[in-house]
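1. Generate a structure from the sequence data that follows.
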Amino acid sequence: MLYLLLGTPWARHQLEASMTLHMLVQMPLLVIVGITACRLLPDCWRQRLLDGLGGAIPCVVVAMFVSSYWMLPRALDAALTEPLAEISKFITLPLLVGFLLALSWRRLTLIGRGFVWTNFFSMLAVLGWLYIVAPVRICNSYLVNDQQHAGWYMVILATLLFLWWLGTLLVGDGGGPRKPSIDTDRTPE
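-> Predicted coordinates:
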């Protein structure tokens, strides 16, 4: 339903009118569509699909490259001016980023997940900083003002997401102290 709504001309016009909404609302929502679609599949289908695709690492690598591409100013311009690029955005973000990340997330270790998160935070912060300090328009479809606003939002979002993620690592799930498990198979020595 969200996918169909995002594809309507009205929603596309509203969300693509500003660089901030385009990069920080429309694109993440397309990724969420893919994540949701993956989670709706039965576990056995997800397992078979993941095994057929070669495991978690190839899926994560593809997702990282595709998401990196869509953060480029040239890709944003193309999505606004070329219908084929717009269509590919609506296919690749849900399928090759959201779906593949959700498919492989359980198989990743804590270090693998940390790598994905830190890569995302750093890309978001660096690109945001580039948008802020660039003296000229990097993305031809948006004004310098809009570019700088989007840059600040990206840096702030990267910082907040990093702090949230760090908090989850330090605090855990917030379930309170855990009782030690009793191993019933061992006999006291």
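2. can you map out the strands along this structure?
-> For the chain, applying DSSP state E gives no strands.
3. can you give me how far the lengthiest helix in the chain is from the chain middle?
-> Across the chain, the longest stretch assigned as helix under DSSP state H is helix 144-171. Averaging C-alpha positions (C-alpha atoms, centre = their mean, to the nearest Å) puts helix 144-171 13 Å from its chain's average.
4. mean confidence score for that helix?
-> The average pLDDT for helix 144-171 rounds to 91.
5. repeat for stretch 18-32
-> pLDDT averaged over stretch 18-32 gives 93.
6. List the residues that contact Ala78.
-> Ala78 makes contact with Ala85 under the criterion C-beta atoms under 8 Å, 6 or more residues apart in numbering. To be clear about C-beta, it is placed using only N, CA and C from the backbone, and glycine gets the same treatment.
7. ok, now Tyr142?
-> The contact partners of Tyr142, by C-beta under 8 Å, 6+ apart, come to Ser18, Met19, Leu76, Ala150.
8. let's see 10 Å
-> 16-20, 22-23, 73, 76-77, 80, 131, 148-150 (C-beta atoms under 10 Å, 6 or more residues apart in numbering).
9. same check, this time on Leu124
-> The contact partners of Leu124, by C-beta under 10 Å, 6+ apart, come to 23-24, 67, 71, 153-159, 161-162.
10. Look up how far Arg107 lies from the nearest residue to Val116 once chain neighbours are set aside.
-> In space, and not counting its chain neighbours, Val116 is closest to Val60: 6.2 Å by C-beta to C-beta, 6 or more residues apart in numbering. Using C-beta to C-beta, to the nearest Å, Val60 is found at 9 Å from Arg107.
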